[in-house]
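# Pasting a predicted model and its sequence here:
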Amino acid sequence: MSIPILVEPTATGFRAETGGPLNLSADGPSSEFAVSALHAKILAKLQNGATIIHLPVPPPSPVPEESMADNPLFDDWVAAVKEYRRMREAEEEALEAQRDGD
């Protein structure tokens with residue numbers, strides 16, 4: 001197991017810190033000392049019974065799980081598509097009739 005640690009300089013030396021779920025930090029005169037002190041804090045938590053586990057969860061679905069037919073706007077949408085198709089077909093027929101007449 002590895003835990004990401006942020007090490008950064010401070011006014012008096014260095015600070016090493018973890019993010020959640022541990023939320024621990026340690027200061028020291030050098031970055032090595034700060035990391036070592038943080039490592040000791042992590043080990044102490046684990047020795048006192050703390051456990052770090054990874055819980056897999058499924059990713060959220062990007063698509064709503066409800067049926068489109070359950071959407072109150074679905075019938076209006078279907079009607080609009082049918083009307084658009086009817087209009088486009090009428091336009092195409094008119095263009096074909098015009099070409100045939102030329």
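Thanks, I have it. The shown structure was predicted, so the numbers you read here are calculated from the model rather than taken from an experiment.
# Let me know the average pLDDT across the lengthiest helix in the chain.
The residue-count maximum for a helix in the chain (DSSP state H) belongs to helix 74-101. The predicted model gives helix 74-101 an average pLDDT of 91.
# now stretch 54-69
80.
# Stretch 16-26 now?
Computed over stretch 16-26, the average pLDDT equals 94.
# buried sites along that stretch?
The neighbour-count check on stretch 16-26 (16 or more other Cβ atoms under 10 Å) flags Ala16, Glu17, Thr18, Leu22, Leu24, Ala26 as buried. No exception for glycine: its C-beta is placed from N, CA and C like everyone else's.
# from the chain's centre, how far out does it sit?
23 Å (Cα atoms, centre = their mean, to the nearest Å).
# Need the residues that contact that stretch.
3-7, 15, 27-28, 31, 34-35, 37-38, 40-42, 45, 52 (Cβ atoms under 8 Å, 6 or more residues apart in numbering).
# which of those residues are buried?
For the contacts of stretch 16-26, buried by 16+ other Cβ under 10 Å: Ile5, Val7, Arg15, Gly28, Ala34, Val35, Ala37, Leu38, Ile42.
# ok, so of the residues you listed, who is nearest Ala94?
The nearest member of the buried ones among the contacts of stretch 16-26 to Ala94, counting by Cβ to Cβ, is Ile5 at 72.4 Å.
# Show me the beta-bridge partners of that closest one.
Thr18 (DSSP bridges).
# hang on, isn't it packed against Lys41?
No: Ile5 is beyond contact range of Lys41, at 11.1 Å (criterion: Cβ atoms under 8 Å).
# how does the chain divide into domains?
With domains defined by automatic domain parsing, the chain comprises 5-47, 68-101.
# May I see those domains arranged in JSON lines, with distance to Ser61 as well?
JSON lines is the format used below for the domains of the chain (distance: least, Cβ to Cβ, whole Å):
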{"stretch": "domain 5-47", "distance to Ser61": "26"}
{"stretch": "domain 68-101", "distance to Ser61": "14"}
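# right, and these - which one's nearest Pro59?
Across the domains of the chain, closest to Pro59 is domain 5-47 (Cβ to Cβ), at 20.3 Å.
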